[in-house]
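[1] Need a 3D model of the following:
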Amino acid sequence: LSNSSWARRTTMPDAMDTDATTPEPGPTQKPGSGFEDLRRIVSLISRAVDTKQTRLVSRALRHNSPLRTGATSDLLTKAVELYFPEADPLRAGLLAQIAVLPVAEAAEATSMDVEGEEKAPEKPTEILPEVSVYLSLLVINAFIGAEMLDQAQAACEALVTLLETLNRRTLDPLTSKAYFYLSLVHEKKGTLPSIRTLLLSAHRTACLHHDEMGQATLLNLLLRNLLSQNLVEQAYKLGVKLSNFPEKASNNQFCRYLYYTGRISALQLEYGDAYTKLLQSLRKAPQNTAAGFRRTVQKLMVIVQLLMGEVPERSTFNHKEYRAALAPYLVLTQAVRAGDLLRFNAAVAEHAAVFKADKTYTLVIRLSHNVIKTGLRRISVSYSRVSMEDICAKLHLDSPQSAEFVCAKAIRDGVIDAVIDHENGWMTSKELTNVYATNDPQRAFHKRINFCLNVHNEAVRAMVYPPVSYKKKADEKKDDEPTAEEIAKEIEEELAEEE
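    Below is the predicted model:
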C-alpha cells in the first residue's frame, strides 16, 4: 500500500467557527443594505467590549466580507459622520482620506435610507477605540482595492502607530488585521524587507501580552517575509525550531502556517515531513472558498510527491478546480514517471516561467535525479543484465562512466538491488523479493496510524469547554434547591402546626 493510495482517502474539513449572534434590529435597518451589515458588526464589537470577550471581535471580522468588497466612499463617509464625535481628531483625518477615494458608480439607495418619520440619530459624544480602528481598517481596505498603495501605506503606518499607544485585549484581533494590511501593501510595492524589524518587534509584544491571534498572524507574516527573500535558513529557525504555533489560533492561520512550514521542509530536503504538513493544510483549508490557496498547496504537493519517488493520482490532475493550474505539472509528472530525461528537460524549458511564478522552480530542478532513478529502476526490472553503454543510451547520459556512477549511487541509496561488474562493464540485477516479506507494509500502516492519532489529538485540543464560572453558578443553583429530606421535614412541620 503506497502513500499515494492513502492520499486518496479524504477526510471532512475542520468545521469553521460558524457561531453567530442575532443582532437587535434597528429602526433604520433595511435587509441587504451595506450599512445594515456595518451596524451589526459595530454592535457586535461594542458588545465584545462590554462583556470583555475578544472572540466576539474575531467573529465580527469573520462577517466582514461583504463590507470589504462593497464598501463605497459614500458609505464610509456616512459611517464616520455617524460614529465619530465632531471633536475627535481622527474624524477629520479619516474624512480627508475617504475624500481621495474614487466615487462609486450608480450607488444604490440602500446605504442609510430612513423613513420620513424617523428622527436623525443623535450625535455621539465618544467612540470606542475598537470601533474607530475598525472603521480605519475599512478605509485602508478601500485604498488597497483601488490600488492606491501610497495612501494605504500612510494610513496603515498611522494606524499601527496609534495601536502601539493602546493596551486593550479587545483590540488584539484588530491589531493583527492592521499588521496584515501593512504587510500586504509592502508586498504589493515590493518593499517587504523594510518592515521585518517592525514585525519582529510586534511579534515579541504579542508574546508578552499572550495575544495568541497576534502571535499566529505575525509569525505567518514573518515566514512569508523571509521566504520572499529566499532566507530559508532563518525561516526554518523561526518557524520550526524556535517558535511554537498557538493552539487557540484560528484555523485559517493554522493552514497558512502548515503551508509555510511545509514549503520550508521541502527546501530543507525533508520531503516526508513537508508532504504531511501540506496534506494537513489542504484538508483543513475551507472547501467552499480559498480556491487559490488550495491550488498553491496542491502544486507544491505534486512536486514533493515526485521528489519522494511517488506518482500523484491521476484524479488530482482531472479535478475541475485544479485542471488548468496543474496542466504544466501533469506534463512534468508524465516525464518523471516515464524516466525520460529528454522529455523532462523539454517540459522544464517549456514551462519554466510558470514554475518560477509558482516559486517551485528550485524543487523542479531537483527532479532530474529522480527521473534518472526512475529510468534506472525500469531498466533494472526489465533486464537481468545490461551493459553500461545500453544504460547510457537509454538514460541519455554523457558517457558509460557517468552511467556507472549513477548505477553505483542508486545501489547505495537502495533504489535498485543489483551488482556492478566493473571488468565486463555491465550491471546484474538480483531477483525481485516479495514486498510483503519486507517491512514496507508495516511502515505504511505505522504512518497511517500515526496520522490518525495526530488528528485525534488535535481534535481533543480544539475542544472548547465552558468557563469555570458557569460550573460555579450551576453548583450554587444546586445548593439553593431544597433536597428531598428538607421538603419532607417542612411537610411534617406544617402538619404538626395544623394539629
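
[2] How much space separates residue 90 from residue 68?
    Distance, residue 90 to residue 68, by CB to CB, to the nearest Å: 21 Å. All C-beta spots, glycine's among them, are computed from the backbone N, C-alpha and C.

[3] So between those two, which is more surrounded?
    residue 90 (19 against 14; other CB atoms under 10 Å).

[4] For that one, report the pLDDT, please.
    Residue 90 carries a pLDDT value of 83.

[5] And it, how far from residue 47?
    22 Å.

[6] show me where the stretch 351-499 of the chain has strands.
    Ranges of strands within the stretch 351-499 of the chain are 385-387, 418-421, 426-429, based on DSSP state E, counting those that start in this stretch.

[7] chain center to stretch 388-407, what's the gap?
    Computed by CA atoms, centre = their mean, to the nearest Å, the chain-centroid distance of stretch 388-407 equals 44 Å.

[8] now stretch 374-390
    44 Å.

[9] swap in stretch 139-147?
    From the chain centre to the centre of stretch 139-147 is a distance of 23 Å (CA atoms, centre = their mean).

[10] same thing with stretch 213-232?
    12 Å.

[11] quick one: contacts of the host helix or strand of residue 233?
    Assessed by DSSP states H and E, residue 233 sits inside helix 232-236. If you take CB atoms under 8 Å, 6 or more residues apart in numbering as the criterion, helix 232-236 is touched by 223, 226-227, 260, 264, 267-268.

[12] Save those as a markdown table, and put in secondary structure and pLDDT too.
    Output for these, formatted as a markdown table (DSSP: H, G, I helix; E, B strand; the rest coil; pLDDT from 0 to 100):
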| residue | secondary structure | pLDDT |
| --- | --- | --- |
| 223 | helix | 92 |
| 226 | helix | 91 |
| 227 | helix | 90 |
| 260 | helix | 93 |
| 264 | helix | 92 |
| 267 | helix | 91 |
| 268 | coil | 88 |
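
[13] Quick one: those residues as CSV, columns for neighbour count and distance to residue 382 too.
    Shown next, in CSV, are the contacts of helix 232-236 (neighbours: other CB atoms under 10 Å; distance: CB to CB, whole Å):
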residue, neighbour count, distance to residue 382
223, 25, 45
226, 23, 46
227, 18, 42
260, 22, 42
264, 24, 39
267, 18, 35
268, 15, 35
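
[14] Make CSV from these and add distance to residue 161 to it.
    Shown next, in CSV, are those (distance: CB to CB, whole Å):
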residue, distance to residue 161
223, 25
226, 24
227, 27
260, 28
264, 32
267, 36
268, 37
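
[15] Which of those sits closest to residue 363?
    Nearest to residue 363 out of those is residue 267 (CB to CB; 7.4 Å).

[16] Make sure the closest one is actually in contact with residue 361.
    No - with contact defined as CB atoms under 8 Å, residue 267 does not count as touching residue 361 (11.8 Å).

[17] what sits in contact with each of those two?
    Here residue 267 and residue 361 have no joint contacts, going by CB under 8 Å, 6+ apart.

[18] just the CA coordinates of the helix holding residue 233, formatted as PDB?
    Taking Å, rounded to 0.1, in the frame of the first residue of the first chain, the C-alpha atoms of helix 232-236 are listed here in PDB:
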ATOM      1  CA  VAL A 232      15.100  29.700   4.100                       C
ATOM      2  CA  GLU A 233      17.500  29.000   7.000                       C
ATOM      3  CA  GLN A 234      16.200  32.000   9.000                       C
ATOM      4  CA  ALA A 235      12.600  31.000   8.300                       C
ATOM      5  CA  TYR A 236      13.400  27.400   9.400                       C
END
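
[19] Looking at it now, give me its mean pLDDT.
    The model assigns helix 232-236 a mean pLDDT of 89.

[20] Same check on stretch 350-369?
    89.

[21] what's in contact with that stretch?
    For stretch 350-369, using CB under 8 Å, 6+ apart, the contacting residues are 266-267, 296, 299-300, 303-304, 306-307, 328, 331-332, 336, 341, 344-345, 348.

[22] what do you get if the cut-off is 7 Å, keeping everything else the same?
    266, 299-300, 303, 306-307, 328, 331-332, 336, 344, 348 (CB atoms under 7 Å, 6 or more residues apart in numbering).

[23] what's the answer for stretch 46-54, then?
    56-57, 128, 130-131, 169-170, 172-173.

[24] Spatially central residue for this protein, please.
    What sits nearest the mean C-alpha location of the chain, by CA atoms, centre = their mean, is residue 256, with 2.4 Å.

[25] and the host helix or strand of that one, what other elements does it pack with?
    Assigned by DSSP H and E, residue 256 belongs to helix 251-267. Contacts defined by 3 or more CB pairs under 7 Å, 6 or more residues apart in numbering; DSSP states H and E place helix 251-267 against helix 212-228, helix 232-236, helix 271-284, helix 291-307.

[26] buried ones in the last one?
    This points to helix 291-307. Within helix 291-307, the residues that count as buried by 16 or more other CB atoms under 10 Å are 293-307.

[27] pLDDT below threshold where in the stretch 1-150 of the chain?
    Under the criterion pLDDT under 70, the flagged ranges of the stretch 1-150 of the chain are 1-33, 104-124.

[28] quick one on the thing from earlier: so the residue nearest to the centre of the chain touches residue 220, yeah?
    Yes - using CB atoms under 7 Å, residue 256 makes contact with residue 220 at a distance of 4.7 Å.

[29] List the contacts of stretch 150-166.
    Contacts with stretch 150-166, where a contact means CB under 7 Å, 6+ apart, come from 97, 100, 129, 133, 136, 139-140, 143-144, 171, 175, 178-179, 181-182, 185.
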